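Enquirer: prediction below, plus the sequence it came from.
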Amino acid sequence: AQSVTQPDIHITVSEGASLELRCNYSYGATPYLFWYVQSPGQGLQLLLKYFSGDTLVQGIKGFEAEFKRSQSSFNLRKPSVHWSDAAEYFCAVAGNTNAGKSTFGDGTTLTVKP
Amino acid sequence: GAVVSQHPSWVICKSGTSVKIECRSLDFQATTMFWYRQFPKQSLMLMATSNEGSKATYEQGVEKDKFLINHASLTLSTLTVTSAHPEDSSFYICSARDLEGAYGYTFGSGTRLTVV
């Protein structure tokens, strides 16, 4: 069975500080990995995705993530956080097995201090 | 890029009535669409997988007679919540996967359903 763990329920960082959100996954084959952001009452916006190739993936809004197969991780990073980045972040795994279903982590709430 | 349009964005209905939510892929053909439900401050839970022209596959614990899914074309899937009750109030989100997997998974903006 596929699963995603986001160990941090809530993270608070100061504006301008760097950010790393952790994601660990379990998947029996080559995974597709995603990071999404959700503002309150809104749908999900895709930040970035990894399918294959370069393990360091660049996304929108200055985010990047690194796929580390040996650690089963796909951590999200941003060098300098802006107040508008405050939101809920979800990591997800999917693939060609299991009918292509996406499994989501429980999410990490990011608070940005001025 | 790939866009999935979900409509309506919010709906209030009376208990006992039915509500239909539409999910459209605007610039690509979606062989597979997924319907998720999200409770406040929780993650997304997959309800069902719909494939164009065939019956939906429901996740364990999801009532197929209550949550009717139709995927009649490669660009449209609908979720109908039948005989809605207050406990069905939730945020429903669809996602679509394109024919060749090139776009991966694109999500709609969600529908906030409130049953009163």
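Expert: Now that the structure is in, tell me what you want to look at. Quantities reported herein were computed from a predicted structural model and do not represent experimental measurements.
Enquirer: low pLDDT regions in the chain?
Expert: No chain specified, so I'll use chain A. Filtered on pLDDT under 70, chain A yields the residue ranges A:96-99.
Enquirer: wrong one, chain B
Expert: Looking at chain B by pLDDT under 70, you get B:99-104.
Enquirer: that's a helix at B:Q60, yeah?
Expert: No: counting by DSSP: H, G, I helix; E, B strand; the rest coil, B:Q60 falls outside a helix, being coil.
Enquirer: what does chain A put close to chain B?
Expert: Proximity of chain A to chain B (Cβ under 8 Å from any Cβ of the partner chain) is limited to residues A:32, A:34, A:36, A:41-46, A:49, A:51, A:90, A:92, A:94, A:96, A:99-107. Where C-beta positions appear, they are placed from N, C-alpha and C, glycine not excepted.
Enquirer: if we use 6 Å, what do you get?
Expert: On the criterion Cβ under 6 Å from any Cβ of the partner chain, chain B has as its neighbours in chain A the residues A:43-44, A:49, A:99-102, A:104, A:106-107.
Enquirer: would you show me how to pick out the buried ones of those in PyMOL?
Expert: With 16 or more other Cβ atoms under 10 Å in any protein chain shown as the criterion, this PyMOL line picks the buried residues out of the residues of chain A next to chain B:
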select buried, chain A and resi 43+44+49+100+101+102+104+106+107
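Enquirer: which one of the residues of chain A next to chain B sits closest to A:I11?
Expert: Nearest to A:I11, judged by Cβ to Cβ, of the residues of chain A next to chain B is A:G107 at 11.1 Å.
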